[in-house]
Each structure stands twice: as structure tokens, then as C-alpha cells.
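A.B. asks: Kindly generate the corresponding structure for this input.
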Amino acid sequence: MPEGDTVFLTCHRLNEALAGRDLVRGELRHPRLSTVDLAGRVVSEVRPAGKHLLMRFEHGRTLHHHLRMDGSWHLYAPGARWRRPGHQARAVLATAEQVAVGFALHDLRWIPTSRESELVGHLGPDLLSPDWGPDSEAEAVRGLTADPGREIGLALMDQRIMAGVGNLYKTEVCFLLGRSPWTPVAEVDAREAVRLSHELLLRNAWHPEQTTTKSLRRGDQHWVYGRKSCLRCGGPVRRGTQGTPPDSRTTYHCPRCQP
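C.D. replies: As a prediction, the model looks like this:
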């Protein structure tokens, strides 16, 4: 599932392409929204809320959706060939200059902007919000420590505590904390966990590459995520499953660096 930084960058690019421009084409290919025609409407802004995307239109309407595991937005010149099959397109929004195609979008909703909180109001502080600051950090720390016996890996991915961390960053934050993802929250520096989560997402928010090591060299971008050996010590990386289906995720840790 895309991490918060991927959603942030997607919204930024869509906002640059669509905001303030008249749509000459506006199709929503979803059974519930098939009669909604967005042609002639004007996008006012596209902004993220954790892993949710909010495409706001003038006159108080919002297109809400989620990328989940397979969703993505592509931008094309008019008439250019799409890189994914047309039957996967769920939204086609075109201005005179660009065509934005949303493939495999999930949870599409066309709602009054005033009702956005019904869909995203449960989220904790957004790690990539421009309003992130000491108050947001303190709120996330309180949420993280509310259940001291919970596994830190599961707590980090709970979007109700703080919004934006996915499986990759959860794994790498645990590595940088020096604790396995199964460690109880009570045994972890919760404030440092929140700060690391914010730092890593912010570091990668403006480019598609996701590095937790500060290196963009292939094979050196992550400490343990997706690896067979630890980038720091060279020892074997253990792979396991955390959580319960259907929300379980594969996680990685180095037994030597993460006792």
C-alpha cells in the first residue's frame, strides 16, 4: 500500500496539473458515480489526508478516494497512449493541456466538502501536514503510548494515531529505534518513533524514490526492508508476518541490530 509520501507527491502533481483549470473531460467510471459528469467544473485543490486523496472542486464538492495496493494516477499529454489498460481507469480528468487518469482507485466518493470529516475525521495527525508541529507531535505520542502493551510495529501503522506510515516506514523506523517490530510500545522511546516517522516521510515527500539511509544507490536505500542481509551489520534479515488477516503485513528485522 502506498506510503504517505507517495500520496503527498501524487496530490502535489495533480494539484499542479488541474487546480484552477476548467475540465474539458470529467469521467468517473464507478457504478455508484457513473452519472456524475465533471466536465466544465474547476478543481480548486488536491490535497492529501494521510493516505487519502481529497480532490476539491469549486462550489463545495470533493472527490475522495484511496489508492490502496494497486491504485495510481498518471498524467499524459492529450492523445498520448496510456501505460495501463483502459478498463482499469476509474477517473479521467482532462484540461486543455493535460489528461489525468486514475487507475484502480478505491473507495470513490463524491461528497459535499463540508462532509469530508465523515471519511477522514478518524485519522490522527498527518505527518506531512503543513501544520505539523509540537502539538501534532504531542498528540501522536499520546496516541502511541495509549496502549503500552501493543506491538510498536502495529501501533506505528495505526492511522488513527498518526497518518502516513505504511509497512516500509514502519519496518525502517523500528530498525532505527533498535527494536524489533514486535517490541511492546512501553519499551520504546515513543517520541523518537514519532520524530523518525515524520523525518523519513518528509525527506522523501518531494521525489518518488524512498530512502531511509539517505542513499539513492540501488540496493542501499533501505536498512532491512525487502533485504536478505542487514545493510548496517551484514547479518541475515529475518522476515515474518505481523498483524492478523486481512490486515497482516510482511515485516523485516535484523536480530543483531534490533534485539
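
A.B. asks: Distance of the residue lying closest to residue 231 once chain neighbours are set aside relative to residue 104?
C.D. replies: Residue nearest to residue 231 in three dimensions, not counting chain neighbours: residue 223, with 5.0 Å by C-beta to C-beta, 6 or more residues apart in numbering. C-betas here are computed from N, CA, C, even on glycine. Summarising the geometry, the distance separating residue 223 from residue 104, computed by C-beta to C-beta, to the nearest Å, is 30 Å.

A.B. asks: Between these two, tell me which one has more neighbours.
C.D. replies: Set residue 223 next to residue 104 and count neighbours by other C-beta atoms under 10 Å: residue 223 wins out with 23 against 14.

A.B. asks: OK, contacts around the more buried one?
C.D. replies: Contacts of residue 223 were listed using C-beta atoms under 8 Å, 6 or more residues apart in numbering, and they are 172, 175-176, 212-213, 230-232, 254, 257.

A.B. asks: show me the contacts for the closest residue to residue 228 other than its chain neighbours.
C.D. replies: Using C-beta to C-beta, 6+ apart and skipping the chain neighbours, the partner closest in space to residue 228 is residue 237 (5.9 Å). Neighbour list for residue 237: 224, 227-230, 252-254 [criterion: C-beta under 8 Å, 6+ apart].

A.B. asks: residues in contact with residue 20?
C.D. replies: By C-beta under 8 Å, 6+ apart, the contact set of residue 20 is 42-44.

A.B. asks: Residue 86 too?
C.D. replies: Residue 86 sits in contact with no residue, where contact means C-beta under 8 Å, 6+ apart.

A.B. asks: part of a helix, is residue 81?
C.D. replies: No: counting by DSSP: H, G, I helix; E, B strand; the rest coil, one finds residue 81 to be coil, located in no helix.

A.B. asks: What count of nearby residues applies to it?
C.D. replies: Residue 81: 5 surrounding residues under other C-beta under 10 Å.

A.B. asks: And it, how close does it get to residue 94?
C.D. replies: Between residue 81 and residue 94 the distance is 15 Å, computed by C-beta to C-beta.

A.B. asks: Residue 197 and residue 156 touch, don't they?
C.D. replies: Yes: shown here, residue 197 and residue 156 form a contact pair, counting by C-beta atoms under 8 Å, at 6.6 Å.

A.B. asks: overlap in contacts of the two?
C.D. replies: Applying C-beta under 8 Å, 6+ apart, one finds that residue 197 and residue 156 are jointly contacted by 165, 169, 173.

A.B. asks: residue contacts, the last one?
C.D. replies: Spelled out, it's residue 173. With contact taken as C-beta under 8 Å, 6+ apart, residue 173 is in contact with 156, 165, 193, 196-197, 200.

A.B. asks: ok, 6 Å please
C.D. replies: Contacts here follow C-beta atoms under 6 Å, 6 or more residues apart in numbering; on that basis residue 173 touches 196-197.

A.B. asks: Which helix or which strand is home to it?
C.D. replies: Using DSSP states H and E, the secondary-structure element containing residue 173 is helix 167-177.

A.B. asks: counting contacts, what elements does the helix or strand following that helix pack onto?
C.D. replies: Beyond helix 167-177 in the direction of the C-terminus, DSSP H and E gives the next helix or strand as helix 190-204. The elements that helix 190-204 packs onto, with contact taken as 3 or more C-beta pairs under 6 Å, 6 or more residues apart in numbering; DSSP states H and E, are helix 4-18, helix 134-145, helix 167-177.

A.B. asks: For the helix or strand that the first one is followed by, give the mean pLDDT please.
C.D. replies: Translated: helix 4-18. Sequence order places strand 25-28 as the next helix or strand after helix 4-18, per DSSP H and E. Strand 25-28 carries an average pLDDT of 97.
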